[in-house]
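Participant: A predicted structure for the sequence below; I have some questions about it.
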Amino acid sequence: MCLGNLVYAQIGEKCCTIFLHSPWPSKCGYSKPYVYPADGIIDALFAELSASYYPVGFDTRGTPFGSLPGNTSFWKYSYPDFTLEQYCDCYIFSKPLSQYEGVSVIKNWFTEANRLEAIAQIANHDPRVKDTIQTVPELYQGLKWDTDFRRRFRIFR
């Protein structure tokens, strides 16, 4: 059970899920290029507005934003007629995905002394990433892959 479900089991409707604007996995699977959340409607809306309109947060539950679809994403398989409000209660839009940048890998972040601890704490869900036989150079290569937003999400340029 994920942490969100545990919190919900304890406090019910007092909790909410907040999503930070980022790409969603494709309906074709995690190994395919990621897609715009809500089928790109949110990015398209804010592209029509001036830059002074973001960053912004909004509720999804019971609002027009909540009824946005997710037909291009993996999440479409989670509910019949999946909508944004089934995914999150609140949404934070900082800027269009086309303006996102990746981060730089810090030199000497991984060492042989912290290698196993680093592997245990990697946020990537791919089980291959959690393989404890990875070397320090392999950890750097994986981190460069995970943090290179422009290359991983070419669709968002």
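Facilitator: Yep, that arrived.
Participant: going forward, measure contacts between C-alpha atoms and count neighbours the same way
Facilitator: Noted.
Participant: Next, the residue nearest in space to the middle of the chain: secondary structure please.
Facilitator: The centroid of the chain falls nearest to Ser22 when counting by CA atoms, centre = their mean (4.7 Å). When classified by DSSP: H, G, I helix; E, B strand; the rest coil, Ser22 comes out as coil.
Participant: mind listing what it touches?
Facilitator: Tyr36, Pro37, Leu97 (CA atoms under 8 Å, 6 or more residues apart in numbering).
Participant: Look up how far Ala120 lies from Asp131.
Facilitator: According to CA to CA, to the nearest Å, Asp131 and Ala120 sit 9 Å apart.
Participant: now swap in Val103 and tell me
Facilitator: 21 Å.
Participant: Next, the buried residues of stretch 139-157.
Facilitator: Applying a neighbour-count criterion of 16 or more other CA atoms under 10 Å, one finds Leu139, Tyr140, Leu143, Lys144, Phe149, Arg150, Phe153, Phe156 buried in stretch 139-157.
Participant: swap in stretch 101-115?
Facilitator: Phe110, Arg115.
Participant: now that stretch: how far from the chain's centre is it?
Facilitator: Centroid separation between stretch 101-115 and its chain, computed with CA atoms, centre = their mean, to the nearest Å, is 21 Å.
Participant: Okay, now that stretch: how far is its last residue from its first?
Facilitator: Terminal-residue distance, stretch 101-115 (CA to CA): 27 Å.
Participant: Give me the contact list for it.
Facilitator: Ala118, Thr135, Val136, Leu139, Tyr140, Leu143, Lys144, Thr147, Asp148, Phe149, Arg150.
Participant: returning to what we had before: take the contacts of Ser22 and keep only those in helices.
Facilitator: In this view, the contacts of Ser22 have no member that belongs to helices under DSSP state H.
Participant: tell me which of these is nearest to Glu48?
Facilitator: Closest approach between those and Glu48, by CA to CA: Leu97, at 14.1 Å.
Participant: contacting residues for Phe74?
Facilitator: With CA under 8 Å, 6+ apart, Phe74 has these contacts: Trp24, Pro25, Ser26, Lys27, Cys28, Gly29, Tyr30.
Participant: Sorry, wrong one. I was asking about Gly70.
Facilitator: Pro37, Ala38, Asp39, Lys76, Phe82, Thr83, Leu84.
Participant: swap the cut-off to 10 Å and go again
Facilitator: 24, 26-27, 35-41, 76-77, 81-84, 87 (CA atoms under 10 Å, 6 or more residues apart in numbering).
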